[in-house]
Each structure stands twice: as C-alpha cells, then as structure tokens.
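Novice: coords below, sequence missing:
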C-alpha cells in the first residue's frame, strides 16, 4: 500500500514514517508534504497514492481548504490534535480519524481497517459516512472525569478537575498539582490514560511526555531553547513547564481554537 504523509511537524512526520518502516510489510511511504502548498503540488502530481495520512492544522492553514477543491480518488486518515473537525472530515474521503499524540497501536489499526476495506473490493470514497459519524459523535459526547481520587501520605480525598493546575509524571508516578492550595498528591492513572480517556481536550493539553496543563491556569508563553516554549502559570509550578518542540504548533493551535 502506497502511503502519502501530510504533516508539518518534522518529529511527528518521522515518527509516522518510522512506524511504517518498522512493519516490514506492504506499507510504503511514497510522498510527503509539510504545507498546503506542497499538498496541492502532490495532488497535482502523478504519484500513485493508495492512502493519505493527513494533518488538518498546517502552518499555512487547514488542509481541508486544499482537499475541497480537488478530486480525491484515495481514502484519507486524518491525524490531528483536535476532535472538533471529525464530522467535517467525512466530506474529504475520511476512513479514520486519529488524535495526537499518535499511538502506534492506533495507527496500525487504521492501516488494518483500510486493508480490510480494500480486500472487500469496496469503493472507499463511497463508504457509509453515517456509521462513522455516529462513532465520532459517540466520542464527542463522552463524559470526562469531574473529580479524581488522590492520595497524599495516609490521606485519601477527591480533587475536582477544575481545581487542578497541571498533572505531571515523575519516576513512574503521576501527580496532580492544585491551583489554590498548591497541594501535590498521587493519582492512579498514567498521563496517557488521562489524555486518552479522562480529560476534556478543550481544557487540558499534554505539553510534553511528563506534563499535562489546564488552560484556565495558563497566563503567558515565551520562546525557549531549541524551538520550545516556556509556560507561565497562575499557580507557580514546582519546576519550569516547557512545551516540547514537536508539540509547539499543536499547542498554539489548541490555544487559538
């Protein structure tokens, strides 16, 4: 299967490519694009594409703006940090919708889905969108956790999600750091579990492997070393909170939504 990748974050692009290359299967990256301009050039080229992995927020605008004005003959798996474009994605040959940060298992499932559809000789551009829309609506209507059971020493208590400035991980343990009290306590979830299942993505964002912040506690941002960003929080953190370089663009888009 010949795959084109449209992604403006070099680290994310390389991660997707590495996942594909590690499979030793019939998956092959035949083209990449990092902007809408390059996407348009790719669509007008004679490159054979069986599947496109496409980010939605690119540095020069939404990829939808290019896709809507071109005839697309192949399926698209959208890879993005936002769930709000899920329904619109079905206007652009969407067969799957993956939220960042990308989990390898989730990406491989998307490949398997496309292979299964192809094996049934289905016209992937005419897939029943209603079924997929219902799936996305179910995701969007998900109830996120309003409070967390925490432990501090021998004490166990509840902390409301709205009272948490940020979550962080240290030596395999996940902590919550509260806004008003600046109390630190332990919870029995990993950051990945919090991000994928329990936190409202419109309010919480994973800025690095070890930190998830709440938007309401963010005061300002400033450039930091090597293309990263430092965050100023209303609740003074124990250590500097830095946005990882491969998350900066997605973070800016999240802030600006």
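Specialist: Okay, I see it. The structure displayed is predicted, hence computed values, not measured ones. Numbers count the residues shown, from 1 in each chain.
Novice: any idea which helix or strand in the protein has the lowest mean pLDDT?
Specialist: Among the helical and strand segments of the chain, the one scoring lowest on mean pLDDT, DSSP states H and E is helix 129-140, with a mean of 56.
Novice: can you name the element that comes right after it?
Specialist: Per DSSP states H and E, helix 129-140 leads on to strand 147-152 as the next helix or strand towards the C-terminus.
Novice: which helix or which strand is home to the closest residue to residue 206 other than its chain neighbours?
Specialist: Leaving out its chain neighbours, the residue that sits closest to residue 206 by C-beta to C-beta, 6 or more residues apart in numbering is residue 212, at 4.7 Å. Glycine gets a C-beta too; all of them are placed from N, C-alpha and C. Assessed by DSSP H and E, residue 212 sits inside strand 211-214.
Novice: what's in contact with that strand?
Specialist: 161-162, 164-169, 191, 194-195, 199, 203-207, 231, 233, 241 (C-beta atoms under 8 Å, 6 or more residues apart in numbering).
Novice: which regions of the protein lie under the pLDDT threshold?
Specialist: 120-142, 256-257 (pLDDT under 70).
Novice: switch the cut-off to 50
Specialist: 125, 128 (pLDDT under 50).
Novice: for the helix ranked longest in the chain, which residues meet the burial criterion?
Specialist: Looking across the chain with DSSP state H, the single longest helix is helix 104-119. Judged by neighbour count (16 or more other C-beta atoms under 10 Å), helix 104-119 contains these buried residues: 107, 108, 110, 111, 114, 115.
Novice: any chance you could list what contacts the helix or strand hosting residue 18?
Specialist: Using DSSP H and E, residue 18 falls within helix 10-21. With contacts defined as C-beta under 8 Å, 6+ apart, helix 10-21 is touched by 3, 5, 7, 27-29, 32, 34, 53, 55, 79, 100, 102, 104, 107-108, 245-246.
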